[in-house]
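generate a structure from the sequence data that follows.
(chains A and B)
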There are 2 protein chains.
Amino acid sequence: MERIGIGLAGLGTVGAGVYKHLIQNRVLISERVGLELAVRRIAVRNPDMVRTVHPPREIVTGRWEELIEDPAINILVELMGGIDTPYQFMMRALDAGKAVVTGNKALLAERGFEIFEKAADKGVPIFFEAAVAGGIPIIKSIREGFIGNHIESIHAILNGTSNYILSRMTEESMDFPEALREAQEQGYAEADPTLDVNGWDAAHKAIILASLAYGFWVGTSQIHVAGIDPITASDIRFADRLGYRIKLVATIRTNRDSLVEAHVHPTLVPKQHVLASVNGVFNALMVRGDIVGDTLFYGRGAGQDPTTSSVISDLAQAAIWYDSGGKAFGFTPHGLYGKCLPIERVSSGYYLRLSVVDEPGVLAQVASILGSHQIGISSVIQPEGHEGDAVPLVLIIHDAPFGKMWTAVQRIQSLACVKASPMLLWVLS
Amino acid sequence: MERIGIGLAGLGTVGAGVYKHLIQNRVLISERVGLELAVRRIAVRNPDMVRTVHPPREIVTGRWEELIEDPAINILVELMGGIDTPYQFMMRALDAGKAVVTGNKALLAERGFEIFEKAADKGVPIFFEAAVAGGIPIIKSIREGFIGNHIESIHAILNGTSNYILSRMTEESMDFPEALREAQEQGYAEADPTLDVNGWDAAHKAIILASLAYGFWVGTSQIHVAGIDPITASDIRFADRLGYRIKLVATIRTNRDSLVEAHVHPTLVPKQHVLASVNGVFNALMVRGDIVGDTLFYGRGAGQDPTTSSVISDLAQAAIWYDSGGKAFGFTPHGLYGKCLPIERVSSGYYLRLSVVDEPGVLAQVASILGSHQIGISSVIQPEGHEGDAVPLVLIIHDAPFGKMWTAVQRIQSLACVKASPMLLWVLS
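Coordinates of the predicted model:
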């Protein structure tokens, strides 16, 4: 059986998982792929550090350049973390004609255009199943399984940490800081949880999904992103009363003019919608294709083992590509067409929570501003309970363009009867 | 761009969908595959029949042999239906070194061993995404996405017709014949619904999934199959009271000795289990891998469009295989190992509904027989309502080997106090 040489850059959580499982399931993998996947060299920052896996010392190096230079290495796996070094590593690897497997969502989202341009130029594939939704084979499913479909929409829960926090806030009526602390204690949130809770981890994944679905890279300045940190236990309670759960949802969708909308933010999901019951650290993606209709994918979105499963799947495909003399990978990652719909023009329903003085006429003032922008109200609740000298007023708003809604909210905020910053959330449509 | 010649055998519902969508999404598909998929010839039983799609008359033939003989045709699509003719067609195609795409689950389940032996012998791939779960890319996900995983279990709802019928029986307290009639009126059940309601359509799909997961063909005599036709509105009501929904579930699983259990039958699914909320004509599969953990796939399990989506995905992969000079398809469909665990030795919990005379001491007699086989009772309900001079008695039974349970039920059935045939159903574990 032919041996395919693998160079592994990074031996952190996922890198160690890949090394371990390639050995543990070696027989099965060789049988299924028809090739032997052999790790020939591993690059780490500190070769002498003690780790959970113990590769032979002589294959471990502190210089990632050695992996690219080694003629016995055919495929490179980038699991280093960060942006600049992995970028150099990938560009050099592609220049050398070596296929790359990566799980680096931030790198692809920020510099995917250059990386894939280089890859196309060199005729070398990049595999990145591990970058989105852990062990769920969503990249393969969209790129290959739905290859005949125009993708109409993707609605997805892509960040396990924030989903865990929102689930705990819902189950236990916790506020955000308490739920975050619990997530950190449980190991579901990192010491610095910024990218998880501010929505950017999910946004990076959404950018990658959009590039697959629509064939162009949505710029990081073109995607509208909001995090879960301002959500309160009250918002979750009010949403519940109105028939919704709050989830961090990534939306990628085309409208009739082939403009693509891309946005990630806390979203009110109707309780009967399938995404409403995705709890804890799980991820889920609803993909609608023009032929296949609605499909749903669900599984663990992160963690050593699920992510490892995806890296090994990519390694198998990269090995087959190499073994076929560089012909096998016929699925071109994207043509280059499509452009983004400015967020101001994206329509949605909304949840608007105001903190208002407790006196007659307040609703009339709010409704009058909304009405003057042709924005309709679908329901209003005035929950019990004072906040200082103010009371909450919660409105569900009919579909309206975000730009219009935003302008109206600015005007509402300037009313004398409105006490604190309004909370504006999207409702899933 | 290189043209890949396709020969389409069959222009029924799915065949027509494939022809239509290959034309409709032609630009997109060529861009993504990097090859042009051109239908060169179509074989049908009656070339002059009027259809929903209108290919040029000169490419339509009544002889399927012409598709195999035509040197301009590189890939064959088998959507004829039936067993014997498709079998001849596929074997001849493989002999001619042409890749085959099929959605014929019955053919693969019954003669997969010979077909795949021929394919391996000739080094030609067979693609069959359309054979299982409509548009859900489950074959690709298991074969490629989870290539590094030992598959621990698959629990799946694989027949949309029976799931629709059970859903309607649950929602409207209908009995089976009424729900079947409604499904036929809605176009969700065929005039002859035998294979759908007797479990064999799902069993064919389960056999295909088992071959992927465990690398050997489960014989049609080795899989335990029971249909939904004996289920009554009372069973659904009693199950509901006990916290369950009744679903037709296919189970494929290994136990610790690497023996594979394969069975398809109406099953009590706990209401909080994700499969319990899969309703209507939808399919769902829970796949557990040793690395990836639990994943769920959900979508429409049948119908022209979802199935077409899968055929086009397979066509793309077959085209890439052809274009790579027959090297690209490195995912070997299976090694040959594993064997079946006899159904008698498979352990499960059970639901047992008896029709008994309404007098004291009955439960004691039933419990005594179960006890003598070391079978434990987890709960008992005696619902209101007479059935002639008898009353229902419903037991939920702790895990026990099916063979033992079956023997006990035979003895219980012979009791004088037991009036009608017992209803024995599995409980999902």
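
which stretches of chain A form helices?
Secondary structure of chain A (DSSP state H): helices located at A:13-24, A:26-33, A:65-69, A:84-95, A:105-122, A:138-140, A:160-172, A:176-185, A:194-197, A:200-214, A:233-241, A:304-323, A:362-372, A:402-413.

so which of those helices gets nearest chain B?
helix A:304-323 (3.2 Å; CB to the nearest CB). C-beta coordinates here come from the backbone N, C-alpha and C atoms, glycine included.

what helices or strands is the closest one leaning on?
strand A:3-9, helix A:13-24, helix A:26-33, strand A:36-43, strand A:75-78, strand A:99-102, strand A:126-127 (3 or more CB pairs under 8 Å, 6 or more residues apart in numbering or on different chains; DSSP states H and E).

now with 7 Å, please.
If contacts are counted by 3 or more CB pairs under 7 Å, 6 or more residues apart in numbering or on different chains; DSSP states H and E, helix A:304-323 sits against strand A:3-9, helix A:13-24, helix A:26-33, strand A:75-78, strand A:99-102, strand A:126-127.

centre of the chain to that helix, how far?
In terms of CA atoms, centre = their mean, to the nearest Å, the centre of helix A:304-323 is found 20 Å from the chain centre.

and the angle for it with helix A:26-33?
With axes from the mean of the first three to the mean of the last three CA atoms, to 10 degrees applied, the angle from helix A:304-323 to helix A:26-33 works out at 50 degrees.

residue A:354 is in contact with residue A:362, correct?
No - in terms of CB atoms under 7 Å, residue A:362 does not count as a neighbour of residue A:354; the distance is 8.4 Å.

and the helices of chain A as JSON lines, adding mean neighbour count?
Supplementary listing: these in JSON lines, determined by neighbours: other CB atoms under 10 Å in any protein chain shown:
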{"stretch": "helix A:13-24", "mean neighbour count": "21"}
{"stretch": "helix A:26-33", "mean neighbour count": "18"}
{"stretch": "helix A:65-69", "mean neighbour count": "17"}
{"stretch": "helix A:84-95", "mean neighbour count": "19"}
{"stretch": "helix A:105-122", "mean neighbour count": "19"}
{"stretch": "helix A:138-140", "mean neighbour count": "25"}
{"stretch": "helix A:160-172", "mean neighbour count": "22"}
{"stretch": "helix A:176-185", "mean neighbour count": "17"}
{"stretch": "helix A:194-197", "mean neighbour count": "19"}
{"stretch": "helix A:200-214", "mean neighbour count": "26"}
{"stretch": "helix A:233-241", "mean neighbour count": "18"}
{"stretch": "helix A:304-323", "mean neighbour count": "26"}
{"stretch": "helix A:362-372", "mean neighbour count": "15"}
{"stretch": "helix A:402-413", "mean neighbour count": "17"}
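
for residue B:170, which of the ones you listed is the nearest?
Evaluated over the helices of chain A, closeness to residue B:170 peaks at helix A:233-241, with 26.2 Å, by CB to CB.

so what's residue A:254 up against?
Applying CB atoms under 7 Å, 6 or more residues apart in numbering or on different chains to residue A:254 gives the contacts A:152, A:260.

now with 10 Å, please.
Residues touching residue A:254, when contacts are defined by CB atoms under 10 Å, 6 or more residues apart in numbering or on different chains, comprise A:150-153, A:213-214, A:260-261, A:338, A:341.

so can I have TSV of the residues you listed showing distance to residue A:135?
Written out in TSV, the entries for those read as follows (distance: CB to CB, whole Å):
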residue	distance to residue A:135
A:150	27
A:151	21
A:152	25
A:153	23
A:213	20
A:214	25
A:260	27
A:261	28
A:338	29
A:341	32
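
out of these, flag the one nearest to chain B.
Nearest to chain B out of the contacts of residue A:254 is residue A:150 (CB to the nearest CB; 6.3 Å).

all strands for the stretch 201-350 of chain A, in order.
A:224-225, A:244-254, A:259-270, A:282-289, A:293-300, A:339-340, A:347-357 (DSSP state E, counting those that start in this stretch).

okay if I get those strands as a markdown table plus mean pLDDT?
Converted to a markdown table, the strands of the stretch 201-350 of chain A look like this (pLDDT from 0 to 100):
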| stretch | mean pLDDT |
| --- | --- |
| strand A:224-225 | 98 |
| strand A:244-254 | 97 |
| strand A:259-270 | 96 |
| strand A:282-289 | 97 |
| strand A:293-300 | 96 |
| strand A:339-340 | 88 |
| strand A:347-357 | 97 |
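
out of those strands, flag the one nearest residue B:163.
Shortest distance between residue B:163 and those, using CB to CB, is found for strand A:293-300: 15.2 Å.

the closest one vs helix B:304-323, what angle?
Inter-element angle recorded for strand A:293-300 and helix B:304-323: 70 degrees (by the same axes, to 10 degrees).

returning to what we had before: common neighbours of residue A:362 and residue A:354, please.
With CB under 10 Å, 6+ apart applied, the overlap between the contact sets of residue A:362 and residue A:354 consists of A:391, A:393, A:415, A:417-418.

show me the two of those residues that sit farthest apart.
Of all pairs drawn from those, the widest gap by CB to CB lies between A:391 and A:415 and measures 14.4 Å.

settle it for me: which of the two has more neighbours?
Here residue A:391 and residue A:415 are compared on neighbour count by other CB atoms under 10 Å in any protein chain shown; more neighbours surround residue A:391, at 19 against 16.

in space, what's closest to that one - neighbours in sequence excluded?
If you skip the residues right next to it in sequence, residue A:391 has residue A:358 as its closest partner in space, 4.6 Å away by CB to CB, 6 or more residues apart in numbering or on different chains.

who's in contact with the one you found?
Taking CB under 10 Å, 6+ apart, we find residue A:358 in contact with A:382, A:386, A:389-391, A:393, A:417.

from what I see, residue A:11 and residue A:61 are in contact.
No - Residue A:11 sits out of contact with residue A:61 when judged by CB atoms under 10 Å, with a separation of 11.1 Å.

overlap in contacts of these two?
In the contact map built from CB under 10 Å, 6+ apart, the residues linked to both residue A:11 and residue A:61 are A:42-44, A:47.

kindly supply the PyMOL command isolating those of those residues that are buried.
What follows is the PyMOL syntax for the buried subset of the shared contacts of residue A:11 and residue A:61, where burial is set by 16 or more other CB atoms under 10 Å in any protein chain shown:
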select buried, chain A and resi 42+43+44
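
got the shared contacts of residue A:11 and residue A:61 as a markdown table, with pLDDT and distance to residue A:281 columns?
Listed next are those as a markdown table, based on pLDDT from 0 to 100; distance: CB to CB, whole Å:
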| residue | pLDDT | distance to residue A:281 |
| --- | --- | --- |
| A:42 | 98 | 28 |
| A:43 | 98 | 30 |
| A:44 | 97 | 27 |
| A:47 | 93 | 33 |
